[in-house]
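Colleague: Predicted structure and sequence below. I'll ask about it afterward.
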Amino acid sequence: MKHKPEPITVFEHDSLKFDLKKKSDQELYQSLVIFFGKGVPYYNLIRNGVKFNEYVGAIQVGKTLINILPKADKRKSDCDKKSKWNQVLIDMLRAVNGFEVKAPSSTDLKLKNNSVLDLYFELFVTEVEYLLHRGLVKKYRKTEGNLTTLKGQLLFTQQTSKNMVHKERFYTKYTTYDTEHLLHIVIYQTIQVLKRINTNLGLLSRINALLLNFPEMPSLKMSEAIFDKINFNRKTSGYKKVIEFSRLILLHYHPDLSKGRNDVLALMFDMNLLWEQFVLASLNGKKGLKVRGQNSKYFWKPNGGKRRTIRPDITVNFNGNEYVLDTKWKLVEKRPAIEDIRQMYAYHHYFNAKKVALLYPGANSYISGSFVKTEQQKELTPMECGLMFTQFEHSVKHWQRRIAKSVIDWIGDVK
């Protein structure tokens, strides 16, 4: 068996340099250059390398895996920190996407997730195994072709052109009730992609078993439009999760058509958006709090044009009072960006908020602040805008509890 390259692990905003005298580095760099040319936002090209942006996740080029991890401290990174943040990223994705919701398919993952790819591949495989165990859904579909018995509607034009010699055949259009439909075509193509790009030996036999047991399906060029056509009903509602995984994998898979060796699969996530969704998931369900994400209000309207909206990351309603949180995945000390402060000032007014705060990762204590009032505003109550920090400790679940407690303490008077 050919030696599997060791994974490359870096942090967001890090640079990755290549030794272009080595053939392996040269091929990897060229594949990343070609992939970048397709307009991906995950990294920028630098001399003999790439510099990653605010996206985290995994990029697999051929058999080489590049893990890009979140970074929430300024200390120099070592192997232990990379291992820690790799698991933090995986657990954050679990918390945001609710992977641990359905028994028995998603609750008992057998592999130690070494990367984001391992996580999504195993979740997909486990879901398909569950569908096969339960039995695949059949649907009616229209088809046409030659039969030895008359069935359905005889197509006279095709019958004349195709069966002049074979009088015993009938070219008909008829209805078939079987497993060949769009849901299974999508799943089958995902299994084939996993067979081609998976490097995790723990999943190899399970993927082979899926190919053996899953009915063979016709090929279809995948696009967003294909997935937009998919509708679920009572019989197919159990397919929602597996189709989500298929969509994520197939639409981010870029086969190497020239050499057939360096296929690219990029499962990358905007860390700013992931942080916002993670905080929202940490606050949802807390007693007494009505939490909303991306709650928009109209902000500006040009004459003869469309209105523009203002949209904070998170709004919290408690006892009829509004509180606004804007999540920022960046490292700050005591001086936030002036653009962020101006944004919070607008939120204060347009949402009639009692308090607003910027929420950052980090170990700093809460920094209280307020907007300076003008002469015309002196009669108004103080407009508080604070800086809130929360640091990862022990586990992601513990981190979520700390986030919820920090917000509840900030609001005050929550029983």
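Modeller: Received, thanks.

Colleague: how many other residues sit next to the residue nearest to residue 391 when sequence neighbours are not counted?
Modeller: Using CB to CB, 6 or more residues apart in numbering and skipping the chain neighbours, the partner closest in space to residue 391 is residue 363 (4.3 Å). Using the backbone N, CA and C atoms, a C-beta is placed for each residue, glycine as well. For residue 363, the count of nearby residues is 11 (other CB atoms under 10 Å).

Colleague: is it true that residue 363 lies in a helix?
Modeller: No: counting by DSSP: H, G, I helix; E, B strand; the rest coil, residue 363 is not part of a helix but coil.

Colleague: Use 26 as the first number from now on
Modeller: Right, with 26 as the first residue, what we last looked at is residue 388.

Colleague: My read is that it contacts residue 414, right?
Modeller: Yes: the criterion here is CB atoms under 8 Å, and residue 388 meets it with residue 414 at 6.5 Å.

Colleague: Give the rounded mean pLDDT of whichever strand or helix holds residue 53.
Modeller: Secondary structure assignment for residue 53, by DSSP states H and E: helix 48-61. What helix 48-61 shows for mean pLDDT is 86.

Colleague: Given the helix or strand just after that helix, what are its sheet partners and their directions?
Modeller: Of the helices and strands lying after helix 48-61 in sequence (DSSP H and E), the nearest is strand 68-71. Here strand 68-71 is paired, per DSSP bridges, with strand 74-77 (antiparallel).

Colleague: Now the strand it pairs with: average pLDDT?
Modeller: Throughout strand 74-77, pLDDT has a mean value of 90.

Colleague: which residues touch it?
Modeller: Where contact means CB atoms under 8 Å, 6 or more residues apart in numbering, the residues beyond strand 74-77 that reach it are 35-43, 54, 57, 61, 67-70, 93.

Colleague: same question, stretch 423-430
Modeller: Contacts with stretch 423-430, where a contact means CB under 8 Å, 6+ apart, come from 120, 303, 304, 306, 307, 308, 311, 384, 415, 416, 417, 418.

Colleague: Please spell out which residues along that stretch are buried.
Modeller: Within stretch 423-430, the residues that count as buried by 16 or more other CB atoms under 10 Å are 424, 425, 427, 428, 429.

Colleague: Helix or strand next in line after the one helix or strand residue 211 maps to, which one?
Modeller: Assigned by DSSP H and E, residue 211 belongs to helix 207-222. Once helix 207-222 ends, the next helix or strand along the chain (criterion: DSSP H and E) is helix 226-238.

Colleague: Run the angle between that next one and helix 207-222 for me.
Modeller: Angle between the axes of helix 226-238 and helix 207-222 is 140 degrees (criterion: axes from the mean of the first three to the mean of the last three CA atoms, to 10 degrees).

Colleague: wait, is residue 411 part of a strand?
Modeller: Yes: assigned with three-state DSSP, residue 411 falls within a strand.

Colleague: So residue 140 versus residue 247, what's the distance?
Modeller: Here the criterion is CB to CB, to the nearest Å. By it, residue 140 lies 23 Å from residue 247.

Colleague: Which one's more surrounded, those two?
Modeller: Using other CB under 10 Å, the more surrounded residue of residue 140 and residue 247 is residue 140, with 23 against 19.

Colleague: Look at residue 207 and report its pLDDT.
Modeller: 88.

Colleague: Can you name the residues bridging to the residue positioned nearest the centre of the chain?
Modeller: By CA atoms, centre = their mean, the chain has its centre lying nearest to residue 294, at 5.8 Å. According to DSSP bridges, the residues that bridge with residue 294 are residue 81.

Colleague: quick one on the thing from earlier: got the CA coordinates for the helix holding residue 53 in CSV?
Modeller: The C-alpha trace of helix 48-61 is given here as CSV (Å, rounded to 0.1, in the frame of the first residue of the first chain):
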residue,chain,number,x,y,z
LYS,A,48,7.9,16.9,-6.5
SER,A,49,5.2,16.3,-3.8
ASP,A,50,5.3,19.9,-2.6
GLN,A,51,5.3,21.2,-6.2
GLU,A,52,2.2,19.2,-7.1
LEU,A,53,0.4,20.2,-3.9
TYR,A,54,1.2,23.9,-4.4
GLN,A,55,0.1,23.7,-8.1
SER,A,56,-3.2,22.1,-7.1
LEU,A,57,-3.8,24.8,-4.5
VAL,A,58,-3.0,27.5,-7.1
ILE,A,59,-5.5,25.9,-9.6
PHE,A,60,-8.1,25.6,-6.9
PHE,A,61,-7.6,29.3,-5.8
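
Colleague: In it, which of the residues would be classed as buried?
Modeller: 50, 52, 53, 54, 56, 57, 60.

Colleague: how near is the fifth one to residue 77?
Modeller: Between residue 56 and residue 77 the distance is 16 Å, computed by CB to CB.

Colleague: which stretches of the stretch 126-275 of the chain form strands?
Modeller: 164-172, 178-179, 195-203 (DSSP state E, counting those that start in this stretch).

Colleague: Throw these into a markdown table and include mean neighbour count and distance to residue 230, thanks.
Modeller: Output for these, formatted as a markdown table (neighbours: other CB atoms under 10 Å; distance: least, CB to CB, whole Å):
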| stretch | mean neighbour count | distance to residue 230 |
| --- | --- | --- |
| strand 164-172 | 13 | 30 |
| strand 178-179 | 13 | 46 |
| strand 195-203 | 15 | 28 |
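
Colleague: Least reliable of those strands by average pLDDT, please.
Modeller: When I compare those, strand 178-179 is least confident, with a mean of 66.

Colleague: And the closest residue to residue 210 other than its chain neighbours, what's its pLDDT?
Modeller: Of all residues not flanking residue 210 in the chain, residue 242 sits nearest, at 4.6 Å (CB to CB, 6+ apart). pLDDT, residue 242: 90.

Colleague: Residue 242: neighbour count?
Modeller: Using other CB under 10 Å, residue 242 has 19 other residues around it.
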